[in-house]
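Q: compute the structure for the input listed below.
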Amino acid sequence: MATCLITGGAGNIACRLSHSLARAYERVVLLDVAPAPLGDVGPGAVYERGDVCDDAALEEAFARHRPAAVVHLASLLSASCEADRPRAWRVNMDGTFAILEASLRHGRPTVLFTSSVAAMGGGADDVLTDATPQWPGTLYGVTKMAVERLGTYYHARYGLDFRCIRLPITVSRDAPAGAASALASRAFLEAAWSGRFTFQARPDRRLAIVSVRDAVAGLAGLLAAPAASLTRRVYSIGGQTTTPAEIAAEIRRRMPGAEIGFAPDAAVDAVLASWPGAVDDAAARRDWGWQPRHDLAAMADELIGMALAERGAAR
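A: Numbering: from 1, shown residues only. I've put the predicted structure just below:
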């Protein structure tokens, strides 16, 4: 029975991905420290409590499930990394090292890792290419960059089929409030919930964004790609480039009375400025058929429609 193990299995992307992978694997196992998954899981998927930092528990999970593939999503995000650096290192680095080592001991499954444009950092080119230098300015970005290199090493040295997808800002209903990366998501949602939103970024700040639906499709696509078609270990994907001003315009088209303002916060805008404003994803398109299907208008329709429905149900 072919099994796919997903770490960070309680999260939004993991739950969505479990539906896609249910068609490709006989069993999908979601592993996380949380009491329960955030959303519905795919048919036949099972949820288990487990910590990637617990060596014994991780070893037992690999030995019992013998996964053919591992999707490694377990990670502390930016703010949590800065608030607790030792824990961030344990989860993001030690936990990943344990995953890679367990994979060598248990059948060498394909390992798919999710990275981020945060791995690039300040001074990055406005358009992210395969040759863009990486100088991340946050601990979160440092750990993402380090795992990209670590996984590439395991592939070159031990033949492990490590694959990595580097995501831009992901637009989703469940984007965490307060995170710089959630700016587009929260703009759509909060404008629909309350009729107002203030952007903490310049109106013309260029942002590379992707729909969570496309991000999930990208993960599934890279995981399913024939190994012979891959020319690299780390692939950047993009959806489209937009700005807060363009996001505001999409909101006003659907909610003409919404109060949309701009009050740039130096810290938030600096984080956004440190990320590439566009992504050259030609390698992903060429090697495994990556193709985004949801543009800014489609993202606005989905999130605003969802939020308006929630507001109506709450009355």
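
Q: show me where the stretch 151-300 of the chain has its helices.
A: Per DSSP state H, counting those that start in this stretch, the stretch 151-300 of the chain carries helices over the ranges 183-194, 212-224, 244-254, 266-273, 282-288, 296-314.

Q: what sits against the closest residue in space to residue 210 that isn't next to it in sequence?
A: Distances taken as C-beta to C-beta, 6 or more residues apart in numbering place residue 239 nearest to residue 210, at 3.3 Å, with adjacent residues excluded. (Each C-beta comes from the backbone N, C-alpha and C, glycine too.) By C-beta atoms under 8 Å, 6 or more residues apart in numbering, the residues touching residue 239 are 168, 171, 208-211, 214, 292, 294-295.

Q: pull out the buried members of the residues you listed.
A: Buried by 16 or more other C-beta atoms under 10 Å: 168, 171, 208-211, 214, 292, 294, out of the contacts of residue 239.

Q: can you list the residues you listed in TSV and add distance to residue 119 and pLDDT?
A: Listed next are the buried ones among the contacts of residue 239 as TSV, based on distance: C-beta to C-beta, whole Å; pLDDT from 0 to 100:
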residue	distance to residue 119	pLDDT
168	11	94
171	19	96
208	13	94
209	17	96
210	16	97
211	21	97
214	19	98
292	20	96
294	24	96
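
Q: now, the most widely separated pair of those?
A: Of all pairs drawn from the buried ones among the contacts of residue 239, the greatest distance, 14.1 Å, lies between 208 and 294 (C-beta to C-beta).

Q: now the buried ones among the contacts of residue 239 as CSV including distance to residue 300?
A: Conversion of these to CSV gives the following (distance: C-beta to C-beta, whole Å):
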residue, distance to residue 300
168, 17
171, 9
208, 17
209, 11
210, 14
211, 10
214, 15
292, 15
294, 10
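
Q: circling back to that earlier point, looking at the helices of the stretch 151-300 of the chain, spot the one closest to residue 111.
A: Proximity to residue 111 (C-beta to C-beta) singles out helix 212-224 among the helices of the stretch 151-300 of the chain, at 9.8 Å.

Q: which residues touch that closest one?
A: Residues outside helix 212-224 that contact it (C-beta under 8 Å, 6+ apart): 4, 12-13, 16-17, 20-21, 24, 69, 71, 110, 112, 114, 163, 165, 167, 170-173, 210, 235, 237, 239, 284, 288-290, 292-294.

Q: if we use 7 Å, what do you get?
A: Here helix 212-224 makes contact (C-beta atoms under 7 Å, 6 or more residues apart in numbering) with 12-13, 16-17, 20-21, 24, 69, 71, 110, 112, 163, 165, 167, 170-172, 235, 237, 239, 288-290, 292-294.

Q: of the residues you listed, just the buried ones, PyMOL syntax please.
A: A single PyMOL command selects the buried members of those (16+ other C-beta under 10 Å):
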select buried, resi 12+13+16+17+20+21+69+71+110+112+163+165+167+170+171+172+235+237+239+288+290+292+294
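
Q: re earlier: pick the one among the contacts of residue 239 closest to residue 193.
A: Nearest to residue 193 among those is residue 171, at 16.1 Å by C-beta to C-beta.

Q: contact partners for the closest one?
A: Contacts of residue 171 by C-beta under 7 Å, 6+ apart are 184-185, 209-212, 299.

Q: now those residues in CSV, with distance to residue 120?
A: Shown next, in CSV, are the contacts of residue 171 (distance: C-beta to C-beta, whole Å):
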residue, distance to residue 120
184, 18
185, 21
209, 15
210, 15
211, 21
212, 21
299, 23
